[in-house]
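Asker: kindly return the folded structure for what I paste below:
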Amino acid sequence: MRRTNRVMMMIMMAGALTAVSCDERLSELTGPTPDLKPTLSSIQRDIFGAADSSGRPACTRCHTDVGRNPAGGLNFRGDTAYASLVNVPSRSKAGAIRVIPGDPANSYLIHKIEGRSGIAGVRMPLAGPYLSDGQVLVIKRWIERGAPND
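Answerer: Numbers count the residues shown, from 1 in each chain. You can find the predicted model right below:
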């Protein structure tokens, strides 16, 4: 019995250390956005609202209500980003929800930025350059955390 408990404790500690070490290196994975954090405010500032050094344009180039209707009804500008994303059905794919808090695997935003098969239209951002794996990971972590409006 005691040996089983010790083994379980060691497995749990190894998992916790792995999670911590992943977070410590997160800035190394985000490439052209080294200050990116898994918060909506950081994602909005560094991905949705700004171009980066890879040549990727700001998402707000198309997804804004300034001088136009936002593409797909998805507005990444200011305070409207959260209300346009979280628990909101996609206008282009029936049954898809843009961001499902706690569930990045089924969040349509992730499907679009990864270019998964079955998406409506094309991978985002339109014509690339696309987000780095690290940038996508940060967005997934925000969703895993419950997609808070932070």
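Asker: residues near the closest residue to Thr64 other than its chain neighbours, how many?
Answerer: Using CB to CB, 6 or more residues apart in numbering and skipping the chain neighbours, the partner closest in space to Thr64 is Arg77 (4.6 Å). C-beta: built from backbone N, CA, C; applies to glycine. Arg77 has 18 neighbours, counted by other CB atoms under 10 Å.
Asker: and if you look at Leu109?
Answerer: By other CB under 10 Å, 24 other residues sit near Leu109.
Asker: now do the phi/psi pair for it.
Answerer: Main-chain torsions, Leu109, degrees, to the nearest 10: phi -60, psi -40.
Asker: re earlier: ok, the residue nearest to Thr64 - contacts?
Answerer: Gly49, Thr60, His63, Thr64, Asp65, Val66, Pro70 (CB atoms under 8 Å, 6 or more residues apart in numbering).
Asker: now restrict these to buried residues only.
Answerer: Gly49, Thr60, His63, Thr64, Pro70 (16 or more other CB atoms under 10 Å).
Asker: which one of the residues you listed is nearest Ala96?
Answerer: Sorting those by distance to Ala96 puts His63 at the head of the list, at 16.3 Å, by CB to CB.
Asker: does that closest one touch Gly73 like I think?
Answerer: No. Counting by CB atoms under 8 Å, Gly73 is not a contact partner of His63; they are 9.1 Å apart.
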